[in-house]
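S.K.: structure for the following, please:
(2 chains)
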Number of protein chains: 2
Amino acid sequence: MLKVPDHQVAGHQAGHGHPGPLIDDSGRFYKPLQDDDRGAIEAAFYTSFSSNTRVPDHIRRFFPVFYGTKLLASDGSGQWPHLVLEDVVSGLSHPSVMDVKIGSRTWYPEASEDYIQRCFMKDRKTSSLDLGFRISGLQLYESEESGLWKPDRKLVQHLSADEVRVVLKKFVSSNSPIDPNLNPDCSFASSVYGGSSGILAQLLELKSWFEDQTIYHLNSCSVLMVYDKKKELKGESSDAKVKLIDFAHVTEGNGIIDHNFVGGTLLFDKVHLRYSYQS
Amino acid sequence: MLKVPDHQVAGHQAGHGHPGPLIDDSGRFYKPLQDDDRGAIEAAFYTSFSSNTRVPDHIRRFFPVFYGTKLLASDGSGQWPHLVLEDVVSGLSHPSVMDVKIGSRTWYPEASEDYIQRCFMKDRKTSSLDLGFRISGLQLYESEESGLWKPDRKLVQHLSADEVRVVLKKFVSSNSPIDPNLNPDCSFASSVYGGSSGILAQLLELKSWFEDQTIYHLNSCSVLMVYDKKKELKGESSDAKVKLIDFAHVTEGNGIIDHNFVGGTLLFDKVHLRYSYQS
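M.R.: Next up, the predicted model:
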């Protein structure tokens, strides 16, 4: 029983004869391969990564499990190859989700000049250049009655550095993210960002691997941060988690550290997340 | 008694009615202020930094001591304001010196569009983009007879990532850096790069401060690495040291980490320097 995912906050959707992603009941996410280089690159990355014995298990858990590829019939576009992946929000009815595109630079030398120029301008117009990342999608649980708040993607992507800081606070606040008169209370910051298994600790673990690994350069990839605000409101553990997604622009590391990726995790680490839950 | 410094490997020199730097016998370095924004920015940085109580002493030692500014008469250009700084190679007769410009990006949002475009192209044509730094000047002690080897700056700046790795090995090798038939022996790698007071340890100390500090963004600044190969050849300690120089493009941090700078130190840390003295 395949259906359209409810909680996708960024990335491609169905349209223009191209299928969108699907999910099933068993926790799998079906991502249509993009029909240019990007599809091939992403499939190659998942294939390489899932069998690469140099990747330690404690790092592997930050990536969606890869179950191979599958041809699926899709309305209007016939049979289409899909990546079969772990659905990282499976089982959560109202997850708060933030998609953060990592790197002050989303282009890379191997890309086309046209792509480089487009990314270059976008990185400068968004918080990427200043902060080393930009929010590229967002969904926040508001309340039982109001459900989920999903601001417009274009608006989210073009938030300034200061606005991004506010969103990082809203992400872990119990009060309404919409009401402009309410200051985010950061009620859940210490449990979601902080603690030995919180998002900050997970990002630090990722960062320390990236300070060593020279296998992959994860250009233009995203960190997805997910937790269940409903559980937090009830005082239960929300299992805050971090998953890396979107590998359509991965290149080989060739013995060189992905300093652009590390730069992005840095800011989360030292300034923003700590800030958010300490102040 | 002012004279032209022998061991300047990068940066501006005298010409076109503009004076070059001078040194005296007491270990001071006189750097003419550039006659546009850059001079004012660099003077403001040294003034701010030298009196900033938030900068810890163990970090301060990585910056040249600042003694204020002074008007000096200079041939052909009348009185000219100079920064009076510590001469970081004072007392060394034949220092091996490497000037490493830090950052995969040498431009910054506040700069002019013209400057941004020029830097953008140069960063892509040099090792900056790949490695997060480029060598911008180099002088290696060869032998008593041959003296110092100072390759052409333009060539040095445009070395590829692989060529940079070779230079990092040559920098700490006892055999001739010029002879293409000799593989660098890395004889001094463990004493110059390694050890508790070696260059790697110093860079790590700098890096950890940069992972926290959000006061300054040191755009387009250089790490100068200096040691006395003659002493190493005699089995004496060469006092390898690291100094940051060139602050004509510093901007305010505004609470944001200088991830571009950290990215550059990363590579030195984890890959290149260790590589050089372990293999």
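S.K.: mind listing what's buried along stretch A:137-144?
M.R.: Buried residues in stretch A:137-144, counted by 16 or more other Cβ atoms under 10 Å in any protein chain shown: A:137, A:138, A:139, A:140, A:141, A:142. C-beta: built from backbone N, CA, C; applies to glycine.
S.K.: out of those residues, flag the one nearest to chain B.
M.R.: Set against chain B, the nearest of the buried residues of stretch A:137-144 by Cβ to the nearest Cβ is residue A:138 (20.7 Å).
S.K.: the strand or helix carrying the closest one: partners in the sheet, and parallel or antiparallel?
M.R.: Element membership of residue A:138 [criterion: DSSP states H and E] is strand A:133-143. Using DSSP bridges, strand A:133-143 pairs in its sheet with strand A:95-102 (antiparallel), strand A:147-149 (antiparallel).
S.K.: what's the most buried one of those strands?
M.R.: Per-stretch averages of neighbours, counted by mean count of other Cβ atoms under 10 Å in any protein chain shown, single out strand A:95-102 among the strands paired with strand A:133-143, with a mean of 26.
S.K.: can you give me the strands in the stretch 151-279 of chain A?
M.R.: Assigned by DSSP state E, counting those that start in this stretch, the stretch 151-279 of chain A shows strands spanning A:216-218, A:222-228, A:241-245, A:250-252.
S.K.: looking at these, spot the one closest to residue B:28.
M.R.: Evaluated with Cβ to Cβ, the strands of the stretch 151-279 of chain A place strand A:216-218 nearest to residue B:28, the distance being 44.1 Å.
S.K.: so how far is the closest one from its chain's centroid?
M.R.: 15 Å (Cα atoms, centre = their mean, to the nearest Å).
S.K.: re earlier: adding mean pLDDT, write the strands paired with strand A:133-143 out as CSV.
M.R.: Converted to CSV, the strands paired with strand A:133-143 look like this (pLDDT from 0 to 100):
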stretch, mean pLDDT
strand A:95-102, 95
strand A:147-149, 89
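S.K.: sorry, back to before: okay if I get the buried residues of stretch A:137-144 as TSV plus distance to residue A:32 and pLDDT?
M.R.: Formatted as TSV, these follow (distance: Cβ to Cβ, whole Å; pLDDT from 0 to 100):
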residue	distance to residue A:32	pLDDT
A:137	18	95
A:138	23	95
A:139	21	95
A:140	27	94
A:141	28	90
A:142	30	88
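S.K.: which among those gets closest to residue A:87?
M.R.: residue A:139 (14.9 Å).
S.K.: how about the residues of chain A near chain B?
M.R.: Residues of chain A lying close to chain B (Cβ under 8 Å from any Cβ of the partner chain) are A:104-105, A:109, A:120, A:124, A:129-132, A:161, A:211-212, A:214, A:255-257, A:259-260, A:262-264, A:266-267, A:269-271.
S.K.: out of the strands paired with strand A:133-143, which is closest to residue B:203?
M.R.: Once the strands paired with strand A:133-143 are compared by Cβ to Cβ, strand A:95-102 is nearest, at 23.9 Å.
S.K.: spatially, which two of the buried residues of stretch A:137-144 are the most separated?
M.R.: In the buried residues of stretch A:137-144, two members sit farther apart than any others by Cβ to Cβ. They are A:137 and A:142, at 16.5 Å.
S.K.: list the contacts for the most centrally placed residue in chain A?
M.R.: When Cα atoms, centre = their mean is applied to chain A, the residue found nearest the centroid is residue A:224 (2.7 Å). Neighbouring residues of residue A:224 by Cβ atoms under 8 Å, 6 or more residues apart in numbering or on different chains: A:88, A:97, A:98, A:99, A:100, A:242, A:243, A:244, A:245.
S.K.: what's the burial count for residue A:15?
M.R.: 9 (other Cβ atoms under 10 Å in any protein chain shown).
S.K.: can you tell me how far it sits from chain B?
M.R.: Separation of residue A:15 from chain B (Cβ to the nearest Cβ, to the nearest Å) stands at 33 Å.
S.K.: re earlier: please report the distance of the residue nearest to the centre of chain A from residue A:89.
M.R.: Going from residue A:224 to residue A:89 by Cβ to Cβ, to the nearest Å gives 8 Å.
S.K.: again with residue A:197
M.R.: Applying Cβ to Cβ to residue A:197 and residue A:89 gives a distance of 18 Å.
S.K.: find the closest residue to chain B in the stretch 1-150 of chain A.
M.R.: residue A:132 (4.4 Å).
S.K.: tell me the confidence at that residue?
M.R.: Note on residue A:132: pLDDT of 93.
S.K.: ditto for residue A:74
M.R.: On the pLDDT scale, residue A:74 is placed at 68.
S.K.: same question for residue A:6.
M.R.: 85.
S.K.: how many neighbours does it have?
M.R.: Number of residues near residue A:6 (other Cβ under 10 Å) recorded here: 13.
S.K.: that one: what's it in contact with?
M.R.: Listed by Cβ under 8 Å, 6+ apart, residue A:6 has no contact partners.
S.K.: one more pass at 10 Å, please.
M.R.: Contacts for residue A:6 (Cβ atoms under 10 Å, 6 or more residues apart in numbering or on different chains) come out as A:23, A:89, A:92, A:93, A:94, A:95, A:139, A:148.
S.K.: cool, and residue A:65?
M.R.: If you count contacts by Cβ under 10 Å, 6+ apart, residue A:65 has them with A:27, A:28, A:29, A:46, A:50, A:84, A:85, A:86, A:87, A:88.
S.K.: let's see that with 6 Å instead.
M.R.: residue A:86 (Cβ atoms under 6 Å, 6 or more residues apart in numbering or on different chains).
S.K.: from residue A:23, how far off is it?
M.R.: 14 Å.
S.K.: same thing with residue A:265?
M.R.: With distances taken as Cβ to Cβ, residue A:265 is found 28 Å from residue A:23.
S.K.: now residue A:205
M.R.: For residue A:205, the distance to residue A:23 (Cβ to Cβ) stands at 27 Å.
S.K.: residue A:246 now?
M.R.: Counting by Cβ to Cβ, the gap from residue A:246 to residue A:23 is 17 Å.
S.K.: what's the answer for residue A:35, then?
M.R.: Using Cβ to Cβ, residue A:35 is found at 21 Å from residue A:23.
S.K.: and the two? Which one has more around it.
M.R.: Neighbours per residue (other Cβ under 10 Å) separate residue A:35 from residue A:23, with residue A:23 holding more: 21 against 13.
S.K.: what's across from that one in the sheet?
M.R.: Using DSSP bridges, the beta-bridge partners of residue A:23 come out as residue A:3, residue A:29.
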